[in-house]
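K.L.:
Fold the following.
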Amino acid sequence: MSKDTNPGLWDTSAAGHVDCGEDYDVCALRETTEELGIDLVSIPERLARIKPCKKTGMEFIQVYRAYHNGPFHLNSTESDAGRWISINQMDAWVDADAKFLTDTIKYIWRVLDLT
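P.N.:
As a prediction, the model looks like this:
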C-alpha cells in the first residue's frame, strides 16, 4: 500500500530500474535478491523485451523467468503479500481485466502468451 503508483494492486514478483552502468541481467539478479530474498546462481531465462508504451509507463521492460525452491523473504517495503497463481488463473484474471492487477502486468501477460 506504500507504493507511489498502483498501491494495493498485484504486479510482477520482482521488478526494478536498471542502475547506471548496470545491464538488465545484473539488475534481474539484484532485484530478485532485494524483493524476494533469494540469490539466483545464474541469469534467469530471458522471455521477452518490451518496448516503451503507455501500458508500461513508457519504460523499457525485460522479462525473465526463474525457478527457485525458496525460502522466499518478501521485502516489506516493496510487497504486502505474495501468492502462487496458476497460469490458468492468471489467464482468467487478465481476460476479465481484473481491477486488482496493474495495467502493466496485464499487458506483459498478454505479450508473453504463456498458454
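
K.L.:
which residues touch residue 37?
P.N.:
Taking CB atoms under 8 Å, 6 or more residues apart in numbering, we find residue 37 in contact with 71, 72, 73, 74, 75. For every residue, glycine as well, the C-beta is placed using N, CA and C.

K.L.:
before we move on, what about residue 48?
P.N.:
Residues near residue 48 by CB under 8 Å, 6+ apart: 61, 62, 63, 108, 111, 112.

K.L.:
Just the residues you listed: which are in helices?
P.N.:
With DSSP state H as the criterion, helices contain 108, 111, 112 from among those.

K.L.:
Among these, which one has the most neighbours?
P.N.:
Highest neighbour count within those: residue 108, with 21 neighbours (other CB atoms under 10 Å).

K.L.:
Give me the spatial nearest neighbour of that one, chain neighbours excluded.
P.N.:
Among residues not flanking residue 108 along the chain, residue 63 sits closest, at 6.1 Å (CB to CB, 6 or more residues apart in numbering).

K.L.:
My guess is that neighbour contacts residue 56. True?
P.N.:
No: using CB atoms under 8 Å, residue 63 is not in contact with residue 56; the gap is 10.8 Å.

K.L.:
Thank you kindly, that will do.
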